[in-house]
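[1] Got a sequence here, can you build the structure:
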Amino acid sequence: MKRKLSAKRPHGVLTASAVALATIGTGIAATSVADARTTQIQILSRGIAFGGYSFPGVGQYEVITGIASGAVDPTNPQNAVITDLQLAPRTNGKVVYQHNFYILKPLSLSNGNHKMMYEPPNRGGKTYQTLNNTPSGTNDPAAITDPTVLANSFLWPQGYMTVWSGWENNLATLSNVPQTGVATASLPVAHNPDGSTIMGRGYEYIVSPGATYTLAYPAASGSQNNSVLTHRIHLDDTPQVVPASGWAYTDATNTAIKLTTGSFIANDIYEFSYIAMNPTVNGLGLAAIRDFNSFLRYAVADDSHTPNPLAGDVTRIYTETSSQPARTLNDFTHLGFNQDESGRKVFDGMMQWIGAGDGLNMNYRWSQTKRTERNRQEELYLEGLFPFANQTTFDPISGHTDGRYKRCTETKTCPLAMEFYSSNEYWVKAGSLMSTDPTGKFDLPDHSDARLYLLSSKQHGGAGNPTSTGLCQQFLNPLDSAPVQRALWEDLDQWSTKGVAPPRSRVPLLKDGTLVPPPPAGDGLYVGIPGVTYTGLKTTRYRFNYGPDFDMTGIPTINPPVITPPCEDNPANGPIYPSYVPKVDRDGNDIAGIRLPELTVPLATYTGWALRSGVWANDGCEASGQYIPFEATKAERMAAGDPRPSIEERYHSFAMYSDAVMDAIDDLVKNRFMLCEDTEAVYARLLQTGLAAGVPAPHGNAMPQDQVPSCKPNGHRK
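    Predicted coordinates:
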């Protein structure tokens, strides 16, 4: 439905506090251009967005694309945390880099709401669409022209500026932004102090098909000495060494390898260990995020007097992330980057979707930012490293005392954060460590600046196709996070602008028994459902050995760390941080967390984990979850041997089902986990889903149109 403007937030009108912030921001910018370390912006294109569509009360939007140049002072203590920064080339004493950017802003900034959504893209691609209620599949949102889509979008009718910028090295050509929208950066290569080439152990994990595979870093030579390629099918198979005659570098650049006969087999596991050269200073991507947002917020112009297109208008910046960039911002906050070089706060709030307790394989030598560790893939890349939680705790394994919010608390620059994640993060990323101490013995209290929310029984990422199994054994989990994300975004805004505390955290806890070890495999079936295999597979969070000096230098001398099968729950692979999973009800659905109507008025079992099918059977299916429908009738249930009550046994009439769905939606609205503007579509969808699952049809086939009680003016059902 069309986005309705709140009477409390008229467009073009600032509260007294917002006026003060805008004035302060403009005053700072006028005197501190040199402090905003984005030194130059080059505008590549500028024009009217959305085919000229005009949002009521806001007007038309403008799209601006370009390339930004930055300079980082390696002597500044705030930048000293960047691995290999001291070994990067310098220009006038500074380490320089470039990245591209994409900005959508109200053509008349005075008509906007003076707030900015910033997204560090996921592997160069924009993921804002779920929050914004706009179609996925485009990196060029300005090209959307459908007036219905635009009217129903979430951010632009409110007057938000929306900004994306590159932070990962060499994903595309910098100047291709107007054509492809791919966000990328160009970061320098580190060299030894004498200028010679740095070499060290590189590592590649290969599960993609193809005749060749491009290495993240070139090999130091074409010699096969000190290089090993292995192959296996299952994660716990013993890796088989591919003989030197079985593989080769593709050419004299030593940037890619190939098999000498055939191609790499999709989903089989190949690992390649070799001597790499020319590490890029990937941690500079964190500075690029910091400095570009600081520039947009505080600067009037760049060092060449090119105007900042948002100058003086940004009073709040909230981030929107999904998965990989959420983990990026976990490190961003932990390493102190939410304070710019002039000591000012960069981001006011963060919407962290499916990042949970992990960081990114980024601020280390030989790092690969595109990697993500799960229960079958890329487990040896450094993602899960203490600290896992926002609170400061002591880790007896590493001997360190730290917390994600420790630095920003000391400088009073912490962002408010809505840490929102799926059940998948518990099963495949040890997500419980975000809410427990490192020993897994007790729950942590909320940090004053952050809330934690589990979206119960949800798979990682977006909604899965419930008619497809993909590479997994069961249908994919279709639960949709979008309505809850939008509600939490509004909660974050209210928290930031008005001091209205958001809903209390909703995660499983040790103290109430909703956070538990994975149940034993028992008969090998998930909660006794016929044909649904359960093995208890859960990712183990190890403290891997990357070499004796790694903690101090960020430079691995053992890469990859040495492990032996089994890969999970094997103390031989290193010290283990205990982690847990959500307890489930008799249907197999998570008990704790934010429970969508699909769980409180269930038609199926939903899980955040899944197992692979085919020759890889019972290995983890990584990001996917499962959708296991109930049988329609008692007779069908008994014939199948399914212990879960059927649709017929649960819902004796359509009215019984529809009223229960209405109550479930109303509960979410009352608890500020769903907005009224989303309820109509959710209610209609769930009624149709119920009919398709076997809920009796309503009398006369007339579908109810009753409004959610909390969304009515009088607040109750007629």
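[2] and the nearest residue to Ser505 once chain neighbours are set aside, which of the three is it?
    With CB to CB, 6 or more residues apart in numbering as the criterion, Ser505 has its nearest non-adjacent residue at 4.4 Å, and that residue is Leu452. In this view, the C-beta of every residue, glycine as well, is placed from N, C-alpha and C. The assignment at Leu452 comes out as strand when based on DSSP: H, G, I helix; E, B strand; the rest coil.
[3] got the contact list for the residue nearest to the spatial centre of the chain?
    Closest to where the C-alpha atoms of the chain average out (CA atoms, centre = their mean) is Ser323, at 1.7 Å. Going by CB atoms under 8 Å, 6 or more residues apart in numbering, Ser323 touches 122, 127, 353-355, 372, 460-461.
[4] before we move on, which element is Pro89 in?
    Under DSSP states H and E, no helix or strand contains Pro89.
[5] ok, now how distant is it from Thr439?
    Between Pro89 and Thr439 the computed distance is 44 Å (CB to CB, to the nearest Å).
[6] try Asn282
    31 Å.
[7] what sits up against stretch 398-408?
    330, 333-336, 338-339, 386-395, 414-415, 447, 449-450, 543, 551.
[8] Pull out the buried residues from those residues.
    Neighbour-count burial (16 or more other CB atoms under 10 Å) is assigned, among those, to 330, 333-336, 338-339, 386-391, 393, 395, 414-415, 447, 449-450, 543.
[9] Show me those that map onto helices.
    Mapping the buried ones among the contacts of stretch 398-408 onto helices (DSSP state H) picks out 330, 333-334.
[10] Out of those residues, flag the one nearest to Val58.
    Relative to Val58, the closest of these is Thr333; by CB to CB it sits at 31.0 Å.
[11] residue ranges of the helices in the stretch 251-400 of the chain, please?
    Along the stretch 251-400 of the chain, counting by DSSP state H, counting those that start in this stretch, helices occupy 284-298, 324-334.
[12] Mean pLDDT added to those, as JSON lines?
    Output for the helices of the stretch 251-400 of the chain, formatted as JSON lines (pLDDT from 0 to 100):
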{"stretch": "helix 284-298", "mean pLDDT": "98"}
{"stretch": "helix 324-334", "mean pLDDT": "98"}
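[13] Tell me which of those helices lies nearest to Glu677.
    Smallest distance to Glu677 across the helices of the stretch 251-400 of the chain (CB to CB): 25.0 Å, for helix 324-334.
[14] I figured Ala49 hits Tyr102, correct?
    No. Using CB atoms under 8 Å, Ala49 makes no contact with Tyr102, being 10.6 Å away.
[15] Overlap in contacts, these two.
    Counting by CB under 8 Å, 6+ apart, the residues touching both Ala49 and Tyr102 are Val63.
[16] what about those two, which has more around it?
    Tyr102 (27 against 24; other CB atoms under 10 Å).
[17] The more buried one: what's it in contact with?
    Tyr102 sits in contact with 63-65, 163-165, 177, 181, 183, where contact means CB under 8 Å, 6+ apart.
[18] make it 7 Å
    65, 164, 177, 181 (CB atoms under 7 Å, 6 or more residues apart in numbering).
[19] Over to Leu444?
    Here Leu444 is in contact with 389, 391, 435-437 (CB under 7 Å, 6+ apart).
[20] Farthest-apart pair in those residues, please.
    Farthest-apart pair in those is Gln391 and Thr436; separation 10.3 Å (CB to CB).
[21] among the helices of the stretch 251-400 of the chain, which is nearest Gln240?
    helix 324-334 (30.9 Å).
[22] helices and strands around that closest one, which ones?
    helix 284-298, strand 349-353 (3 or more CB pairs under 7 Å, 6 or more residues apart in numbering; DSSP states H and E).
[23] Not counting its own residues, what contacts the longest one?
    Right, the one you point to is helix 284-298. Contact with helix 284-298 is made by 25, 28-29, 32, 36-38, 68, 70, 72, 79, 82, 97, 99, 101, 118, 120, 163, 165, 167-168, 185, 187, 308, 310, 314, 317, 331-332, 335, 337, 340, 344, 346-347, 362-363, as judged by CB under 7 Å, 6+ apart.
[24] what's around the closest residue to Arg123 other than its chain neighbours, how many residues?
    Using CB to CB, 6+ apart and skipping the chain neighbours, the partner closest in space to Arg123 is Lys370 (5.4 Å). Lys370 is flanked by 15 other residues according to other CB under 10 Å.
[25] can you check Cys408 too?
    For Cys408, using other CB under 10 Å, the count is 23.
[26] Distance check, it against Phe544.
    Taking CB to CB, one finds Cys408 at 27 Å from Phe544.
[27] Then Gly524?
    Taking CB to CB, one finds Gly524 at 30 Å from Phe544.
[28] and the helix or strand Glu419 falls within with helix 324-334, angle?
    Taking DSSP H and E as the criterion, Glu419 maps to strand 416-422. Computed with axes from the mean of the first three to the mean of the last three CA atoms, to 10 degrees, the direction of strand 416-422 lies at 140 degrees from that of helix 324-334.
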